[in-house]
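Student: how does the following fold in three dimensions:
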Amino acid sequence: MTSVRLVAMSDTHFPRRARDLPSALWAAVDAADVVVHAGDWCTVDLLDTLAARSARLLGVAGNNDGPDLWARLPEVARAEINGVRIAVVHETGDATGRERRCAAAYPDTDVLFFGHSHIPWDTTTTGGLRLLNPGSPTDRRRQPQHTYLTAELRDGGVHEVELHRL
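Tutor: Have a look, this model is predicted:
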């Protein structure tokens with residue numbers, strides 16, 4: 001089984017927080033086999049541009065996205081890639097109890113990508129569900145840096161998860 005290169009981002013908030021993605025993130029998108037966006041795009045233009053530049057795009061709408069994005073994106077996206085069952089959702093609620101809630105809500109999932117908080121997150125539930133939040137590449141809020149994630153999908157698992165600080 002070959003390795004699949006994945007890049008994940010969330011909460012880009014175009015054009016209020018940025019007019020473009022950082023060049024390092026575009027380079028990662030161009031090199032990736034799969035691009036994940038966990039919501040709060042805020043403009044269809046970014047969706048169209050990211051879809052055109054991505055080999056495969058898996059995205060969801062977020063709470064700041066308007067009807068034009070909700071018409072094109074689901075609340076939850078799912079895919080099985082290289083034996084890894086992936087789900088993407090924008091919001092998972094408070095950090096307290098997140099693992100328990102997500103394990104109950106996504107029992108048939110190996111890795112759940114989520115956004116909303118702009119806070120990077122990487123934990124694994126007792127049942128083995130990996131929870132990943134890439135933070136935001138354009139709106140760091142209270143975080144010290146803008147961020148995104150890369151990972152490799154191979155052998156039915158998620159490997160080399162790396163948080164990139166911009």
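Student: can you give me the strands for the protein?
Tutor: Here the chain has its strands, by DSSP state E, at 4-9, 34-37, 57-59, 76-81, 84-89, 111-113, 121-124, 130-133, 147-154, 157-165.
Student: turn these into JSON lines, columns for distance to E99.
Tutor: In short, each C-beta sits where N, CA and C put it, glycine included. Below are these laid out as JSON lines (distance: least, CB to CB, whole Å):
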{"stretch": "strand 4-9", "distance to E99": "19"}
{"stretch": "strand 34-37", "distance to E99": "20"}
{"stretch": "strand 57-59", "distance to E99": "22"}
{"stretch": "strand 76-81", "distance to E99": "18"}
{"stretch": "strand 84-89", "distance to E99": "14"}
{"stretch": "strand 111-113", "distance to E99": "10"}
{"stretch": "strand 121-124", "distance to E99": "6"}
{"stretch": "strand 130-133", "distance to E99": "7"}
{"stretch": "strand 147-154", "distance to E99": "18"}
{"stretch": "strand 157-165", "distance to E99": "16"}
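Student: okay if I get those strands as a markdown table plus mean neighbour count, mean pLDDT and distance to R17?
Tutor: Shown next, in a markdown table, are the strands of the chain (neighbours: other CB atoms under 10 Å; pLDDT from 0 to 100; distance: least, CB to CB, whole Å):
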| stretch | mean neighbour count | mean pLDDT | distance to R17 |
| --- | --- | --- | --- |
| strand 4-9 | 24 | 98 | 12 |
| strand 34-37 | 26 | 98 | 14 |
| strand 57-59 | 22 | 98 | 17 |
| strand 76-81 | 15 | 97 | 23 |
| strand 84-89 | 22 | 98 | 20 |
| strand 111-113 | 26 | 98 | 20 |
| strand 121-124 | 14 | 96 | 20 |
| strand 130-133 | 23 | 98 | 17 |
| strand 147-154 | 22 | 97 | 14 |
| strand 157-165 | 15 | 96 | 17 |
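Student: looking at those strands, which is closest to D68?
Tutor: Closest to D68 of the strands of the chain is strand 57-59 (CB to CB; 13.7 Å).
Student: and that closest one, what other elements does it pack with?
Tutor: Counting contacts by 3 or more CB pairs under 8 Å, 6 or more residues apart in numbering; DSSP states H and E, strand 57-59 packs against strand 34-37, helix 44-53, strand 76-81, strand 84-89.
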